[in-house]
Each structure stands twice: as structure tokens, then as C-alpha cells.
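>>> Generate coordinates for the sequence data below:
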Amino acid sequence: MSRALVGLAVCGALACGDTAVPSGGGDGAAPDAARDTAALDATAPDRGDGARGDGTLPVDAASDPGGPDRAPDRSGPAPGPECTGNASACRLHSDCCTCIGLGPGESPPACHIQTCFADACTTLGVQDAACAAGRCVAGFTCDPAQVACDALPPPCPPGQVASVRNGCWGSCVPARECLSVGSCAACAAGDLCVGFSALRRPQYSCVPAPPACGGDATCSCFGPTVCTGIFRTCSPGPAPAAVTCSCIAC
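Numbers count the residues shown, from 1 in each chain. A predicted model of the protein is given here:
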């Protein structure tokens with residue numbers, strides 16, 4: 001599957017200095033089976049906090065949330081899921097620029113910052129990759145229903161959403177890297193929104209449109225890439241979601 005990755009440029013907030021961190025550090029598989037349905041479980045552990053007290057990204061990250069120069073090559077002859085219900089095929093990549101989940105054979109985007117006090121995933125409190133909507137992601141908790149504090153979320157640039165940490169708001173993070181988001185409004189322009197119908201309430205994921213589908217964001221092409229595991233039943237919409245994945249046995 002091909003998707004552009006929104007970089008988390010955290011170095012500005014971390015006061016990059018003399019303590020060196022390898023730019024490619026943090027890769028590792030996620031063995032935790034509890035991630036199997038984390039994208040749809042409102043009780044999934046919180047993962048995602050920021051280094052800045054106001055919960056916002058540095059100015060350079062907010063002004064450049066990502067682009068072709070940060071997009072690993074995910075093109076292929078046909079669309080398909082990177083993972084199917086668990087993160088065993090995923091690995092977490094962290095450097096001074098980004099904290100992202102990578103699928104099999106996928107290379108991380110380039111980072112031109114070689115030294116920083118802490119890598120991005122350490123700063124954001126992420127330890128393992130996760131599988132959400134058939135894709136390997138960093139697994140930030142972004143479900144606003146889990147916020148219990150009396151505070152407003154931080155303003156986030158397009159394509160990013162406020163994460164949730166310990167029952168309150170955390171940093172702005174890429175909506176694509178979240179376990180789930182509160183609504184399709186969180187998705188970046190051009191991304192597709194996937195709805196998940198479960199017993200509790202609908203949840204949503206933001207997914208880059210697969211180039212192999214050629215604009216066919218229907219169950220016939222797009223559906224098999226995102227409706228996996230126990231949520232393998234695909235149905236159209238309802239808008240603004242492109243498709244909805246359902247679990248008939250839940």
C-alpha cells in the first residue's frame with residue numbers, strides 16, 4: 001500500500017544539542033498480542049505525549065506536516081493489508097524527526113537531523129508499533145472519548161490531531177499514525193476515512209488512498225486493504241467514511 005507519511009519534527013521542541021541519538025534508532029517488532037484489536041478498543045493503553053507543555057509541535061513541523069520527500073515507497077502491483085489484526089509484521093521507527101510504524105520491506109523517510117536529546121518515539125511515549133485498519137502505525141491514542149480532564153485540545157495543523165495521554169490531551173500527532181480517531185474530520189486532505197462498526201460505538205481510521213486502486217475507494221479494491229481480521233466485512237460509507245468494516249460475530 002502506498003501512503004505519504006506525516007513527519008513529527010520534534011527536534012525543535014527538544015533543544016537539539018550535544019547528546020547524540022542514532023538517526024535510525026527505535027526499530028523493533030511489537031510482540032504484544034493485545035494490539036490485535038487496539039485500533040477498535042477504547043480501553044487501549046494511552047501512547048502519545050509531547051515534550052512541550054502546550055501540546056503543540058514545533059513551528060517547523062506544523063508548517064511542513066509532510067510531503068513527497070518524506071514518503072517511503074509503498075507502491076505495488078496490487079493493494080493489500082500490511083498487517084492483519086496484529087503488529088507482528090510491523091516495526092517501530094524512531095529518529096530525531098519521526099515516530100512511525102513501518103510495514104514489511106518499507107524504508108523510513110530520510111532525517112537530516114543527526115543529533116538530538118531524545119528520539120521522537122521516546123519523546124512521545126511510544127514503545128511498540130501497532131496494526132490499525134490493515135496498516136502499520138505508531139499507535140498513538142487519539143480517541144477524544146478517553147479524555148477525562150477539563151481542558152480544550154491543542155490546535156493542530158491539517159492532517160494532525162491531538163493525542164490523548166493519561167486521560168488528558170497530549171501533543172498533536174499525524175492522524176495516520178493513530179490507533180483510531182474521533183471522526184473523519186481528523187483525516188488529512190486526500191486521505192480516506194474508514195469506519196469500524198463495533199458493539200460500543202463507531203470508530204475511525206485515516207488511511208492514504210492506495211495508488212493501485214486508481215481512485216476506486218470502494219469495497220471492491222480499497223476494502224480488502226483495511227477490512228481485516230475480525231472486522232473483515234466491508235460495506236460502502238456512510239459518507240464521509242469511504243467504507244465501513246464490520247464484525248458480524250462481535
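
>>> Helix, strand, or coil at the closest residue to A241 other than its chain neighbours?
The spatially closest residue to A241, leaving aside those adjacent along the chain, is G195, at 3.9 Å (C-beta to C-beta, 6 or more residues apart in numbering). C-beta: built from backbone N, CA, C; applies to glycine. At G195 the chain is in strand, as set by DSSP: H, G, I helix; E, B strand; the rest coil.

>>> what's around A120, how many residues?
Using other C-beta atoms under 10 Å, A120 has 29 neighbouring residues.

>>> you'd agree it is up against C96?
Yes: A120 lies in contact with C96 (C-beta atoms under 8 Å); the separation is 6.9 Å.

>>> beta partners of G101?
On the basis of DSSP bridges, G101 is bridged to L92.

>>> So it sits against L179, correct?
No: using C-beta under 8 Å, G101 is not in contact with L179; the gap is 10.5 Å.

>>> Give me the common contacts of those two.
Counting by C-beta atoms under 8 Å, 6 or more residues apart in numbering, the common neighbours of G101 and L179 are A130, V137, G139.

>>> Quick check: ChimeraX command selecting the buried ones in these.
The buried residues among those can be selected in ChimeraX (16 or more other C-beta atoms under 10 Å) with this line:
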select :130,137,139
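
>>> Going by distance to V207, which of the shared contacts of G101 and L179 wins?
Minimum distance to V207 across those is 9.7 Å, recorded for V137 (C-beta to C-beta).

>>> How much space separates the closest one from C221?
21 Å (C-beta to C-beta, to the nearest Å).

>>> now swap in C193 and tell me
According to C-beta to C-beta, C193 and C221 sit 16 Å apart.

>>> Compare these two and say which is more crowded by neighbours.
Between C193 and C221, C193 has the larger neighbour count (other C-beta under 10 Å), namely 24 against 16.

>>> Correct me if wrong: the more buried one contacts A239.
No: using C-beta under 8 Å, C193 is not in contact with A239; the gap is 9.1 Å.

>>> Now do the helices in this protein.
Applying DSSP state H to the chain gives helices spanning 11-14, 59-63, 120-124, 223-226.
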